[in-house]
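S.K.: Just need the structure, nothing else, for what follows:
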Amino acid sequence: MFHLILAILGISLVIFVHELGHFLAARLCGVRVETFSIGMGPRVFSWKRGDTRYQIAALPLGGYVKMAGDELMDPENEGEAREPRGDELAAQSVGARFLIFSGGVIMNVIFGLVVFPIVFLVGVPFTAPVIGSTSLGSPAWQAGLQPGTEVLAVNGKEVFAFDHIPTAIALSPQGPVTLTVRAPGAEASKEVTLTPENQADLGVRMIGINPALDEDLHLAVSAGSPASEAGVLDGDMLRGVKGALPGVDLVTTLRYAITSSESVEIQVETEGQPDSLRWVTLAALPTDANRRSTIGVAQMMRRVGAVRSGFGASELGLRVDDILLDLNGKPIVANLDLRRFLLEAAGQPSVLNIERAGRRTSLDLGSFTQAGALTFLEGLAIGGDSSSPAVAVAEGEPAWRAGLRTGDRIVRIDGVAVNSWEDIPPAVHAKADLDPPQALELSIMHQEAPGDALETRTISVVPEPSNVGGDLGLAFNFRQIVYKADGPVSALSAGVTSTWRFLEDSWIFLKRVISQDISGKNAGGIITIGMVSTHWAGEGLSKLFFFLCILSMNLAFLNVLPIPLLDGGHLFFLAVEKLKGSPVSPKIQVMSQAIGMVVLLSLMLYVTYNDVMRWFFP
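M.R.: Reported below is the predicted structural model:
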């Protein structure tokens, strides 16, 4: 609640600065200001000083400055016409009115130019621009970017926070991007060129990188959670996970263990207490996701999604879209199966059976050392086999109890043909989401052992809530840095650069949305502003004021757009008036304001819809 109050006060400050710009410009030009309001709607409290009433209104979503005689400039005003008085807005020259209407934008930019250097002088915490992991098969993975790689610049533009990297890539022109990076342990930087992939669901280009976690893997523990009840303290460091495999980081191992078993055993240590190293067993609490009834089947994780040369996989004959069947007779089903089987067979000859273009074939891999096996695995990206109706079955779940086994194919559900994995979840959910869940009739093809004849049988399965997965009450923090200027001059330089950068990025984003290179659903509204500002308020005042500078820049950019009803619309009409020597006709102004109202309301509804879908239905 404290952080929420800080966020509301911060947003109100940005609005105050904008309206103060109009107020000061009006007073400078000799225009009498009747009302200065922070917030919209009913007045909560107010006071009057001189000719001006200052007030706080109920809705902190905006503000306004009411100037004397502004009704004379309303094109819809049907009252009796009169000559404006000298202290009224309508009596001012085009230049004076231009200054008054641009005052809010000017003050928002000044706010950024003043506050940015201050926060950089104090120091602002950011997520470090260090790669923690790359998505298998992604452009960053193909380029060989290793965990721990520091990104210094994107297309020559310096980055000092991880968030800058995806933003710079998304706003870059179509085609390759060049990253300036420093590999782990290296002193010199190098340039890596790669081509981002278009992500249809997000409408942006991405290279598939994730931020690095805190190096000591400090744990954030929720009060009353399974982790807390088991004795894990907030700030404890993760030191081990039962069943960890060589070459797999502890976080990945933990996430895999959570989704594949009912309990997880982890090793933790309390910082500053050398004798505190201990193992604890955690039983996950059900979440909304796994309270949903299911039959306990999953996609087979055995399709080769990408292969990198130079690691041995491509050289030994593996190709994209190969289906991994088994290694030395052990079926490959889940994410880490191939890794586990290769490490178990270290020093012994191994044969990998695969399916390629519908035909079964064998690859002689020879014998690997443990290090050689890990290198071989680095060249492979293995994902789900969505083209097949074969399923992996969790032991003890409803499908298992009904007789379905891993590797069986579901060919019909309730009499409807199943052609691939994609047909299975919707059919299961249709019966599982009923109250109570109803039984599904599955026609399956079962094979007792490789080479045996396929047997067709029918089973009945009633969906139940899953016992696998859930919430442990654990979270990890990203690696942090504090960006701090060396002195006032460098702080001012960083502030000016940041101000220009955010204005430039806003313009590029708008152009990319109009050209449909970026999806408009990446735009956010008041809900996103509230969520982000509340979160950043929790990271300290310098981070909150950094965000307020961004918000101020965006408010300046939005208001300068030539949309009627916004400051930019007034400025556009004033420019036309100056050029033609007379005001724009009332008819055109009324028509344009009606269009502007429709545009603004549509935009508000659209970004609010984006916010609701982003934050409440991710």
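
S.K.: For residue 408, give me its contacts.
M.R.: By Cβ atoms under 8 Å, 6 or more residues apart in numbering, the residues touching residue 408 are 390-391, 393, 444-447. Placement of C-beta: from N, CA and C, glycine included.

S.K.: Just give the nearest non-adjacent residue to residue 189, would you?
M.R.: Excluding its sequence neighbours, the residue lying closest to residue 189 (Cβ to Cβ, 6 or more residues apart in numbering) is residue 182, at 4.7 Å.

S.K.: And the one you found, its phi and psi?
M.R.: For residue 182, the backbone dihedrals (degrees, to the nearest 10) come out as phi -130, psi 120.

S.K.: my read: it touches residue 146, true?
M.R.: No: at 11.1 Å, residue 182 and residue 146 do not qualify as touching, with contact defined as Cβ atoms under 8 Å.

S.K.: gap between the two ends of stretch 122-129?
M.R.: Start and end residues of stretch 122-129 are separated by 20 Å (Cα to Cα, to the nearest Å).

S.K.: buried set for it?
M.R.: Neighbour-count burial for stretch 122-129 flags 122, 124-129 (criterion: 16 or more other Cβ atoms under 10 Å).

S.K.: now the contacts of residue 408: which count as buried?
M.R.: 390-391, 393, 444, 446.

S.K.: Contacts for stretch 600-610, please.
M.R.: 520-528, 563, 565-566.

S.K.: So for that stretch, what gets flagged as buried?
M.R.: The neighbour-count check on stretch 600-610 (16+ other Cβ under 10 Å) flags 607, 610 as buried.

S.K.: likewise stretch 193-203?
M.R.: Here stretch 193-203 shows 194, 196-197, 203 as buried, counting by 16+ other Cβ under 10 Å.

S.K.: any idea which of those is closest to residue 386?
M.R.: Ranked by distance to residue 386 (Cβ to Cβ), the buried residues of stretch 193-203 are led by residue 197 at 18.0 Å.

S.K.: re earlier: got the buried ones among the contacts of residue 408 as TSV, with distance to residue 453 and secondary structure columns?
M.R.: TSV is the format used below for those (distance: Cβ to Cβ, whole Å; DSSP: H, G, I helix; E, B strand; the rest coil):
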residue	distance to residue 453	secondary structure
390	16	strand
391	20	strand
393	21	strand
444	14	strand
446	10	strand
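
S.K.: picking that back up, restricted to helices, list the buried residues of stretch 122-129.
M.R.: In helices, defined here by DSSP state H, the members of those are residue 122.

S.K.: so what does whichever strand or helix holds residue 505 touch, helix or strand wise?
M.R.: Of the helices and strands defined by DSSP states H and E, residue 505 is found in helix 488-514. Other helices and strands packing on helix 488-514, by 3 or more Cβ pairs under 8 Å, 6 or more residues apart in numbering; DSSP states H and E, are helix 94-122, helix 541-560.

S.K.: Please name the nearest non-neighbouring residue to residue 564.
M.R.: Once flanking residues are discounted, residue 564 sits nearest to residue 596: 3.1 Å by Cβ to Cβ, 6+ apart.

S.K.: Also residue 361?
M.R.: residue 354 is the one closest to residue 361 (Cβ to Cβ, 6+ apart), at 6.0 Å.

S.K.: neighbours of the one you found, just the number please.
M.R.: If you count neighbours by other Cβ atoms under 10 Å, residue 354 ends up with 21.

S.K.: Over to residue 459?
M.R.: Using other Cβ under 10 Å, residue 459 has 18 other residues around it.

S.K.: swap in residue 389?
M.R.: 23.

S.K.: That one and residue 277, how far apart?
M.R.: Using Cβ to Cβ, to the nearest Å, residue 389 is found at 47 Å from residue 277.

S.K.: need the contact list for the nearest residue to residue 277 once chain neighbours are set aside.
M.R.: Using Cβ to Cβ, 6+ apart and skipping residues adjacent in sequence, the residue nearest residue 277 is residue 269, 4.7 Å away. If a contact means Cβ under 8 Å, 6+ apart, then residue 269 has 236-237, 239, 276-278 as its contacts.

S.K.: what about residue 269, distance to residue 229?
M.R.: Distance, residue 269 to residue 229, by Cβ to Cβ: 19 Å.

S.K.: Also residue 462?
M.R.: Note on residue 462: its distance to residue 229, by Cβ to Cβ, is 32 Å.

S.K.: Test my guess that residue 592 contacts residue 569.
M.R.: Yes: at 7.2 Å, residue 592 and residue 569 qualify as touching, with contact defined as Cβ under 8 Å.

S.K.: which two of the buried residues of stretch 122-129 lie the greatest distance from each other?
M.R.: Across those, no pair lies farther apart than 122 and 129, at 20.1 Å, counting by Cβ to Cβ.

S.K.: sorry, back to before: contact partners for the residue nearest to residue 564?
M.R.: Residue 596 makes contacts with 563-566, 569, as judged by Cβ under 8 Å, 6+ apart.

S.K.: Please, which helix or strand holds it?
M.R.: Going by DSSP H and E, residue 596 is part of helix 586-616.

S.K.: before we move on, back to that, between the contacts of residue 269, which is closest to residue 549?
M.R.: When these are ranked by distance to residue 549 (Cβ to Cβ), residue 237 comes first, at 34.7 Å.

S.K.: give me phi/psi at the closest one?
M.R.: Dihedral pair for residue 237: phi -110, psi 130, per degrees, to the nearest 10.

S.K.: Distance of it relative to residue 281?
M.R.: Distance of residue 237 to residue 281, computed by Cβ to Cβ: 18 Å.

S.K.: More neighbours: which of the two?
M.R.: Neighbours per residue (other Cβ under 10 Å) separate residue 237 from residue 281, with residue 237 holding more: 17 against 11.

S.K.: now the helices for the stretch 151-300 of the chain?
M.R.: Ranges of helices within the stretch 151-300 of the chain are 164-170, 226-229, 250-260, 288-291, based on DSSP state H, counting those that start in this stretch.
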